[in-house]
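A.B. asks: Just need the structure, nothing else, for what follows:
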Amino acid sequence: MLGSKHFFQFLFILVCTVFGGGILFYFYPDKGYFFPALGGAAGLFLGLLVVFIEKKIKDLPFLQLLGSSIGLLVGLGVARLISSVFNQVLGNTVWEIFLYIMSMLGLGYLGLVLGGKKFQELKVSDMIEKTLDKLLAKALTPISTVSKKLSKKDAFKDFSKENLKVLDTSAIIDGRIVDIAKVGWIEGTVVIPKFILEEIQFLADSTEPIKRERGQRALDLLNELKKLSKVDLKIVETNYPKGPTDEKLIKFCKETGAKLITTDYNLNKVCQLEKVEVLNINDLFLALKLPVHPGEILKVQVVKEGKEKGQGVGYLEDGSMVVIENGRPFIGKEVEVVVTHLLHSSSGRIIFAQIKRYA
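C.D. replies: Got it, this is the predicted structure:
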């Protein structure tokens, strides 16, 4: 089944092909199928060429609505200018009309795609971005900030004697950080670097519903954090040249001596290699879960089948997954199980058990 992107690409190619063949068929109805076929082939070629170019430029900066609109108008304007050249060379003929329509479709489509992707490189886009930053800063006041004019050394000097902790995007979106902060389990200063804030803004402005929802949720959670009297939340304007966010986080922690708060399992592993101290929220909640030992008897509601043949899966009240050997026939029922062994990791706890046998 075609996705929305491939559907529009297919529709664009189809329109080019139909227009190309239809125009020549209209003006040369008595010439057989040669001219319509030629026009259709030309339209098909143009459509495929434009889609090919679009695929090559899809990794350029994100498409903006205003930039797309401007690009479309510019593309149509250029097509109109080119049509005057066609008129001078070919006169008012079918070929002049044919080439004008094809150039209008091609340049209009390219303007629509390229305009948005290139728009943010203009000064106008920078002004809009600064305006959005100011609005976001107002929304997060009275969070303290470190001025952009401070040198890196001066900015970090303020934190040198503090118990500094850095929040990454995964920890903010996860939401449990707010619950932890409410009960006073976070000491010292909690910092959000500017590049993390930019990543959240990018998610909140995304055209993809899931990403946009995650970004907006993160902004809401930040506002909850800054309202807590027990949390000293700061945003620092520190940023680094282009690169992965994880690398920037590690560099920032090394330069400030900060501890990183995250839920990202892979980032946790990298930080261990880089000797950066990590506070993994999953580890905290894992340590707070009720203790379970091999041989212990539990009552579990079997809710679904497991990955292996015959397995059933249930959950304890604290969210721990219980994998039950030969538990599939008991789906929908509460059963007593005997714990055989446990698997602990930063991603959670899995309890393996089997149905209790009665004498």
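
A.B. asks: Tell me, how many residues neighbour residue 9?
C.D. replies: If you count neighbours by other CB atoms under 10 Å, residue 9 ends up with 18. Using the backbone N, CA and C atoms, a C-beta is placed for each residue, glycine as well.

A.B. asks: Phi first, then psi, for it.
C.D. replies: phi -60, psi -50 (degrees, to the nearest 10).

A.B. asks: ok, and the residue nearest to residue 231 when sequence neighbours are not counted, which helix or strand is that part of?
C.D. replies: The shortest distance from residue 231 to any non-neighbouring residue, by CB to CB, 6 or more residues apart in numbering, is to residue 181 (4.9 Å). Per DSSP states H and E, residue 181 falls inside helix 176-182.

A.B. asks: that older thread, so the residue nearest to residue 231 sits right up against residue 230, yeah?
C.D. replies: Yes - at 6.3 Å, residue 181 counts as touching residue 230 under the criterion of CB atoms under 8 Å.

A.B. asks: Quickly note the distance from residue 265 to residue 170.
C.D. replies: 9 Å (CB to CB, to the nearest Å).

A.B. asks: for residue 20, that is, sorry about that
C.D. replies: Applying CB to CB to residue 20 and residue 170 gives a distance of 50 Å.

A.B. asks: out of the two, which sits in the busier spot?
C.D. replies: Legend: neighbour count by other CB under 10 Å for residue 20 and residue 170, higher for residue 20 (26 against 15).

A.B. asks: Contacts only, for that one.
C.D. replies: 39-44, 46, 98, 102 (CB atoms under 8 Å, 6 or more residues apart in numbering).

A.B. asks: Could you work out the most separated pair of those residues?
C.D. replies: 44 and 98 (14.0 Å; CB to CB).

A.B. asks: More neighbours: the two, which one.
C.D. replies: A count of neighbours by other CB under 10 Å puts residue 98 above the other of residue 44 and residue 98, at 21 against 17.

A.B. asks: contacting residues for the more buried one?
C.D. replies: Residue 98 neighbours (CB under 8 Å, 6+ apart): 20, 23-24, 39.

A.B. asks: Can you classify it by secondary structure?
C.D. replies: Taken by DSSP: H, G, I helix; E, B strand; the rest coil, the conformation at residue 98 corresponds to helix.

A.B. asks: separation between it and residue 48?
C.D. replies: Distance from residue 98 to residue 48, by CB to CB: 18 Å.

A.B. asks: okay, now the residue nearest to residue 331 when sequence neighbours are not counted: neighbour count?
C.D. replies: Sequence neighbours aside, residue 302 is the residue nearest to residue 331 in space, at 5.1 Å (criterion: CB to CB, 6+ apart). Residues within reach of residue 302, counting by other CB under 10 Å, total 24.

A.B. asks: OK, contacts around residue 302?
C.D. replies: 312-314, 324, 327-328, 330-335.

A.B. asks: run the last query once more with 10 Å
C.D. replies: Contact analysis of residue 302 by CB atoms under 10 Å, 6 or more residues apart in numbering lists 311-315, 322, 324, 327-335, 337, 355.

A.B. asks: what about residue 320, distance to residue 171?
C.D. replies: Distance from residue 320 to residue 171, by CB to CB: 21 Å.

A.B. asks: hmm, back to that, buried set for the helix holding residue 181?
C.D. replies: Judged by neighbour count using 16 or more other CB atoms under 10 Å, the buried positions of helix 176-182 are 177-178, 180-181.

A.B. asks: Which two among these are spaced furthest apart?
C.D. replies: Longest span within the buried residues of helix 176-182, CB to CB: 178 and 180, 7.3 Å.
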